[in-house]
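# Pasted the sequence and its predicted model underneath.
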Amino acid sequence: MAQVKLDAVRKVYPNGYQAVVPTSFQIEDGEFVVLVGPSGCGKSTLLRMIAGLEDITEGTLSIGGHAVNDVDPADRDIAMVFQNYALYPHMTVRKNIGYGLKNRKVPAAEIEAKVQEAAKMLNLTEYLDRKPSQLSGGQRQRVAMGRAVVRDPKLFLFDEPLSNLDAKLRNQMRIEIKALQRRLGVTSVYVTHDQVEAMTMADRIIVLNEGKIEQIGTPSEIYHNPASTFVASFMGAPPMNLIRAQIEDGQVKINGGTELMAVPAGWDSGEITLGVRPEDAVLDHSGAVPFEISIVEELGAHRLLHGEMAGQPFTVHVSKEVDIQPGQTRLTLNPSTLSLFDAESGKTL
Amino acid sequence: MKRAGFTTRWLPILLLLPQLLIIFVFFYWPAGHALHSSFFLQDPFGFGSTFVGLDNYRDLAGNKEYMRIARFTLLFTLLVTFFSLAFALLLAVKADNVLRGAKTYRTLLMWVYAIAPPVAGFIGLIMFDQSWGPLTRFLQSIGWDFTLGVNFRDTATAMVIVSVWKQVPVNFIFFLSGLQSIPRSVREAAMIDNRSAAGRFWDVTFPLLAPTGFFLLITNITYSLFETFGTIDVLVKGEPGNNPMTLVYKVYVDGFRGNDLGGSSAQSVVLMVLVLALTIFQFRLVERRIHYT
């Protein structure tokens, strides 16, 4: 088991493109950290640098207290699960799982025992003699997992491992991977663009955008206290409502009208961006804020009301018990649930 | 799978006709002709022919020189196929690792592909020229008195070298595209599983290249047997004498120099059977065994 530490790690490609600006963070022993962000945000590059598949332009990467910048991928004691599984097509499942052990001079009997154990854990025992082409997507995914766990490495790296699975299988594998990581207690770094995976699996989430870290925090911190409008809109489905508002006379107002909340003394007046989670807006006929519903989206367990508030698009999440038709209504916004962002930089105030 | 049908019976036949016609004119007809004349003894001046049954074939089986040439052809084919494939694979693996200027490098390596076999033979003739050929001089400088067209071994060596040189680019192109079709992540997974680059090559890359490799094995055997004709013809300057030759060249020498059309036809029928066997081997054994996806 090991701690992973990045100290001002930077990646610049030979064509001059800076994929990752100098980035520092630390992953604790046994922690499950998810790197999340839109495509091209540098999350895979970061992971590949940790794996050793990509050179580190500047900075220091340490695994378990040792700088590993110039250590071969095979010598970093890591295991990686790839998006397309990257199984060896010409080898049986047994050989796929055992290949890494064989090259580390583990005795054949021990390899067989470990492969059997991993196969049992992943329900692959009856498929050990098959080739990857004879397996379903979920089974291939399990073989890729088996290849990782059998080595008992210091660190697991996952590169969007569930992207190629259908939605149902993805939910199931999500839970299996998380449970497996808990059981083995191996430090893990998991890359995804899916915010649901990030929220459900992570001990801590690192949100990346354009090669920079936007925020590091627990899923709950990220969700409830987003550090920027980017994080606020990226995490959560539907995303946080972001609307233009003003600070005037120590009060947050929408369109110079309704007073929503008081701000601490000494804050400058001016334009801000107000963030409201769809489930934090409460339908209330006597509420302070008018809301015009144009579409009711039926989702079974709950409903999403899409409409306009003060001329800006706004979504409200209500439970299935609330029966409502499109039209004019009012909302109450609880001051403690509101997020305020700088209108220019998007950073939280 | 859904089968699309033709509404009339004549349209498909009409569409196939041009291709069938070409195959007929350039293969079935001459092949039939060769088979027919292999049962006859032709008058050298073309005045007539006598039916001799299987005599031409019996002559071949008992002919020491024919057997000697067959053995040489076997050796020649083995050497040319092995070295063409080995050099091409080495170059492809190296070229695959090149990032900067990769395109220029690859184009330069493929260039020889555009050269016709007789031209390749002619270049070989220049390189191995007895008085001023640069390769001859080089070999002389290391103590090998190389005499193309005089010494059997030297001529055979030149034939192999030129034939390999001519074939490497074709194999290179196929190997390179084969290498590039191996998913990057599979090779990266191997990098994590195996420290040794050579180990990764033999355990992962090489088996995944096997389909390409087997295809090239068959085409290279065919190349060595048949398509080296032009190269050989130029190198031995039409003076076969004691020079080495392959079975295909012998067909030409006996038929058009020796005017023994019957015997030459029998030889070409033997070669035809050989090609047939190779083709069947390729389709049956190889294509069935090596399939991954």
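Looks like it arrived, so ask away. A quick note: this is a predicted structure, and the numbers were derived from the prediction, not measured.
# make it CA atoms for all contacts and neighbour counts henceforth
Noted.
# what helices or strands is the helix or strand harbouring A:Ile111 leaning on?
Per DSSP states H and E: A:Ile111 is located in helix A:108-121. Counting by 3 or more CA pairs under 8 Å, 6 or more residues apart in numbering or on different chains; DSSP states H and E, the packing neighbours recorded for helix A:108-121 are helix A:93-102, helix A:137-149.
# Need the CA coordinates for that helix. PDB is fine.
C-alpha atoms of helix A:108-121 as PDB (Å, rounded to 0.1, in the frame of the first residue of the first chain):
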ATOM      1  CA  ALA A 108       4.200 -21.500 -11.700                       C
ATOM      2  CA  ALA A 109       2.300 -23.200  -8.800                       C
ATOM      3  CA  GLU A 110       1.900 -19.900  -7.000                       C
ATOM      4  CA  ILE A 111       0.700 -18.100 -10.200                       C
ATOM      5  CA  GLU A 112      -1.900 -20.800 -10.600                       C
ATOM      6  CA  ALA A 113      -3.100 -20.400  -7.000                       C
ATOM      7  CA  LYS A 114      -3.300 -16.700  -7.300                       C
ATOM      8  CA  VAL A 115      -5.100 -16.800 -10.700                       C
ATOM      9  CA  GLN A 116      -7.600 -19.200  -9.200                       C
ATOM     10  CA  GLU A 117      -8.100 -17.000  -6.200                       C
ATOM     11  CA  ALA A 118      -8.600 -13.900  -8.400                       C
ATOM     12  CA  ALA A 119     -10.900 -15.800 -10.700                       C
ATOM     13  CA  LYS A 120     -13.000 -16.900  -7.800                       C
ATOM     14  CA  MET A 121     -13.300 -13.500  -6.400                       C
END
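# Buried ones in it, by neighbour count?
Buried residues in helix A:108-121, counted by 16 or more other CA atoms under 10 Å in any protein chain shown: A:111-112, A:114-119.
# Reformat the helices and strands packed on helix A:108-121 as a markdown table; add mean neighbour count.
Formatted as a markdown table, those follow (neighbours: other CA atoms under 10 Å in any protein chain shown):
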| stretch | mean neighbour count |
| --- | --- |
| helix A:93-102 | 24 |
| helix A:137-149 | 24 |
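# out of these, nearest to chain B?
For chain B, the closest of the helices and strands packed on helix A:108-121 is helix A:93-102, at 4.2 Å, according to CA to the nearest CA.
# Stretch B:184-192 and chain A, are they touching?
Yes: interface with chain A: stretch B:184-192 contributes B:185-186, B:188-189, B:191-192 (CA under 8 Å from any CA of the partner chain).
# Looking at neighbours, which among those is most surrounded?
Within those, most neighbours by other CA atoms under 10 Å in any protein chain shown means B:Ala189, with 24 neighbours.
# and that one, that's in a helix?
Yes: counting by DSSP: H, G, I helix; E, B strand; the rest coil, B:Ala189 falls inside a helix.
# what about A:Val12, neighbour count?
The number of residues packed near A:Val12 is 15, by other CA under 10 Å.
# just to revisit the earlier point, ok, so of the residues of stretch B:184-192 next to chain A, who is nearest B:Phe45?
Of all the residues of stretch B:184-192 next to chain A, B:Val186 has the smallest distance to B:Phe45: 65.6 Å, by CA to CA.
# Check which helix or strand the closest one maps to.
Secondary structure from DSSP H and E places B:Val186 in helix B:184-193.
# Show me what that helix is packed against.
Other helices and strands packing on helix B:184-193, by 3+ CA pairs under 8 Å, 6+ apart, are strand A:78-81, helix A:93-102, helix B:197-200.
# Can you lay out these as a markdown table showing distance to B:Leu139?
Output for the helices and strands packed on helix B:184-193, formatted as a markdown table (distance: least, CA to CA, whole Å):
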| stretch | distance to B:Leu139 |
| --- | --- |
| strand A:78-81 | 53 |
| helix A:93-102 | 46 |
| helix B:197-200 | 33 |
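# ok, back up a step: columns pLDDT on top of the residues of stretch B:184-192 next to chain A, output as a markdown table?
Formatted as a markdown table, those follow (pLDDT from 0 to 100):
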| residue | pLDDT |
| --- | --- |
| B:Ser185 | 92 |
| B:Val186 | 94 |
| B:Glu188 | 93 |
| B:Ala189 | 94 |
| B:Met191 | 93 |
| B:Ile192 | 93 |
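# any weak-confidence spans in the stretch 151-300 of chain A?
Low-confidence segments of the stretch 151-300 of chain A, defined by pLDDT under 70: A:256.
# Helices of the stretch 101-250 of chain A, start to end?
Assigned by DSSP state H, counting those that start in this stretch, the helices in the stretch 101-250 of chain A fall at A:108-121, A:137-149, A:167-184, A:195-201, A:219-224, A:229-234.
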